[in-house]
Every structure is written in C-alpha cells, then in structure tokens.
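Enquirer: just to be clear, the model below is a prediction. Sequence and coordinates:
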Amino acid sequence: MSLYDKNYAQNNNYANSEILGEERYAGRISSLIKQTYQLLTASLIAATAGAFVGMNFFSISSPILFLVVEIALIFGMQFATKSGSNTIALVLLFAFTFITGLSLGPILNFYIGAGAGNIVTQAFLMTAIIFGGLSVYAMNTKTDFSSWGKVLFFALLAIIVVSLLNYFFFSSPLIHIIVSAIAAFVFCGYILFDTQNIIRGNYTSPIMAAVSLYLDIFNLFISLLNILGFLNRE
C-alpha cells in the first residue's frame with residue numbers, strides 16, 4: 001500500500017510539474033504577444049513621426065540610400081537581440097521605423113501635391129482592414145502556415161531583384177504595378193506567417209517579432225498605394 005501511495009505521489013508530482021510547465025509556457029507566449037503588439041504600436045507612431053518630418057522638412061529622396069541604411073539597422077537589431085543588448089535593439093527599432101517613415105514622406109507629398117490625398121487614405125484604411133482581418137484569421141485558424149516560409153522568402157527576393165532592375169534599367173510603369181500587385185499578395189502571406197509564428201512562440205524576441213509585422217504592414221501599404229495610384233491616374 002505504501003508503494004502504491006509512493007508511486008501515486010510521484011505521478012501526481014509529475015502531473016503537477018507538467019501543468020506548471022504548460023502554464024509558464026502559456027504565460028511566456030502571452031507576454032511575448034503583448035510586448036510585440038505594444039512595440040508594433042510604438043513603431044507605427046515612430047514611422048508616422050518620420051513621415052511627418054519627411055513631408056514637411058525633408059526634400060531629398062534617395063531610395064537606394066534609405067534601403068542601405070534600413071538593412072544595416074535590421075542587421076544591427078538582430079545582432080543586438082542575440083547579444084542580449086535589448087536597449088540598443090529598441091533604439092535601433094525606433095530609428096529604423098522613423099527612417100522608413102522619413103523615406104515615405106516624399107511619396108506622400110507626391111500624392112497629396114497632385115490632389116490625390118484620398119488615395120493615401122484609401123491605402124491606409126485597406127492596409128488596416130487587411131492586417132486586422134488576416135491577424136484574426138491567423139490566430140484562430142487550424143491551417144498551418146509554417147511551410148510558407150521558403151516560398152515567401154524566394155518570392156520576396158524575386159520582387160527585390162525585379163524592382164531594382166526596373167529602377168535602374170527599365171523604368172516601366174507596367175512592371176512596377178505588376179510587382180506591386182505581387183508584393184501585396186506576398187506581404188499578406190507574410191502577415192499570416194509571422195502572426196502564427198508569434199502566437200506559437202517561434203520568436204524569441206518581441207523586438208524582432210514587432211519589426212517583422214511592421215515590415216509586413218509598411219510594404220503592404222506601399223504596394224496598395226502604388227496600385228491605387230495606378231488605377232486612379234488620369
């Protein structure tokens with residue numbers, strides 16, 4: 001009887017520790033999700049401030065220079081988070097989002113100056129609705145998007161290569177709009193992919209999780225802005 005009681009106690013302790021481990025894991029994921037969306041909100045505010053500065057006080061538009069700086073900041077964030085320098089990573093995050101907003105300023109000025117400010121509003125609202133809808137779907141669906149990673153990555157590489165070729169050599173509006181349409185679908189896929197990775201705890205840092213979602217939103221907005229601008233041109 002004492003042996004039975006001992007085994008029962010051991011099994012009960014094992015079950016309790018397993019439940020405690022699951023609760024800790026759930027708490028960690030909940031904390032990661034909360035911090036990620038807090039940082040995402042702050043990042044969008046920093047980007048808005050950058051766009052305001054870009055529209056009112058910044059007239060130089062050099063996409064390649066902006067791209068080089070933004071890539072350097074992303075690598076800096078990755079290095080800082082891996083080395084545990086979260087304060088530096090946070091500074092780099094807000095510098096990155098501010099600069100992306102800064103680069104957006106001249107583009108917004110172009111549309112507003114041409115009397116097409118409604119296109120900017122439409123692109124913003126569409127981006128918000130699509131992001132919200134896809135996020136809710138990714139959080140509740142049983143569909144597994146983990147296999148989309150490689151396909152999305154190679155599609156993104158193709159978009160970057162074709163965009164650079166078009167910028168330097170072809171300057172074709174048709175290629176530009178086709179790439180924008182494909183990019184819109186790709187970043188919708190990334191919203192599903194990244195959101196599911198966040199809620200499953202596949203990100204170890206809320207900073208990198210936030211910057212991933214921010215890039216999805218930013219690039220989706222740019223793609224929709226290009227598409228709407230093309231469709232509404234006279």
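Expert: In hand now; what should we look at?
Enquirer: need the contact list for residue 116.
Expert: Residue 116 is in contact with 229, 232, counting by Cβ atoms under 8 Å, 6 or more residues apart in numbering. Every C-beta, even on glycine, is put in place using the N, C-alpha and C of the backbone.
Enquirer: per-residue pLDDT of it, please?
Expert: Per-residue confidence at residue 116 stands at 87 (pLDDT).
Enquirer: before we move on, which element is the residue nearest to the spatial centre of the chain in?
Expert: Nearest residue to the geometric centre of the chain (Cα atoms, centre = their mean): residue 213, 2.1 Å. Using DSSP states H and E, the secondary-structure element containing residue 213 is helix 206-231.
Enquirer: what's that helix packed up against?
Expert: Other helices and strands packing on helix 206-231, by 3 or more Cβ pairs under 8 Å, 6 or more residues apart in numbering; DSSP states H and E, are helix 2-57, helix 63-82, helix 86-113, helix 117-140, helix 173-199.
Enquirer: lowest-confidence stretch among these?
Expert: Mean pLDDT is lowest for helix 2-57 out of those, coming in at a mean of 74.
Enquirer: not counting its own residues, what contacts stretch 225-234?
Expert: Contacts made with stretch 225-234 from outside it, assessed by Cβ under 8 Å, 6+ apart, are listed as 107, 111, 116, 119-120, 122-123, 126, 173, 176-177, 180-181, 184.
Enquirer: pull the most distant pair out of those.
Expert: 126 and 173 (20.9 Å; Cβ to Cβ).
Enquirer: so these two - more neighbours on which side?
Expert: residue 126 (17 against 12; other Cβ atoms under 10 Å).
Enquirer: and the nearest residue to the more buried one once chain neighbours are set aside, what does it touch?
Expert: On the basis of Cβ to Cβ, 6 or more residues apart in numbering, the spatially nearest residue to residue 126 that is not a chain neighbour turns out to be residue 224, at 5.3 Å. When contacts are counted by Cβ under 8 Å, 6+ apart, residue 224 is found next to 122, 123, 126, 127, 184.
Enquirer: let's see it at 7 Å
Expert: When contacts are counted by Cβ atoms under 7 Å, 6 or more residues apart in numbering, residue 224 touches 123, 126, 127, 184.
Enquirer: quick one: residue 95 and residue 73 touch, right?
Expert: Yes. Applying Cβ atoms under 7 Å as the test, residue 95 and residue 73 come out as touching, 6.0 Å apart.
Enquirer: compare those two (neighbour count), which wins?
Expert: The neighbour count for residue 95 versus residue 73, taken as other Cβ under 10 Å, is higher for residue 73 (21 against 17).
Enquirer: how about the nearest residue to that one, chain neighbours excluded?
Expert: The spatial neighbour of residue 73 that comes closest, neighbours along the chain excluded (Cβ to Cβ, 6+ apart), is residue 96 at 4.1 Å.
Enquirer: give me the neighbour count for that neighbour.
Expert: With other Cβ under 10 Å as criterion, residue 96 counts 25.
Enquirer: verify the stated contact: it with residue 70.
Expert: Yes. Taking Cβ under 7 Å as the contact criterion, residue 96 and residue 70 are neighbours in contact, 6.1 Å apart.
Enquirer: so which of the contacts of residue 224 is the closest to residue 29?
Expert: Comparing the contacts of residue 224 against residue 29 with Cβ to Cβ picks out residue 127 as the nearest, at 26.3 Å.
Enquirer: how about the contacts made by that closest one?
Expert: Under the criterion of Cβ under 7 Å, 6+ apart, the contact list for residue 127 reads 217, 220, 221, 224.
Enquirer: no further questions, thank you.
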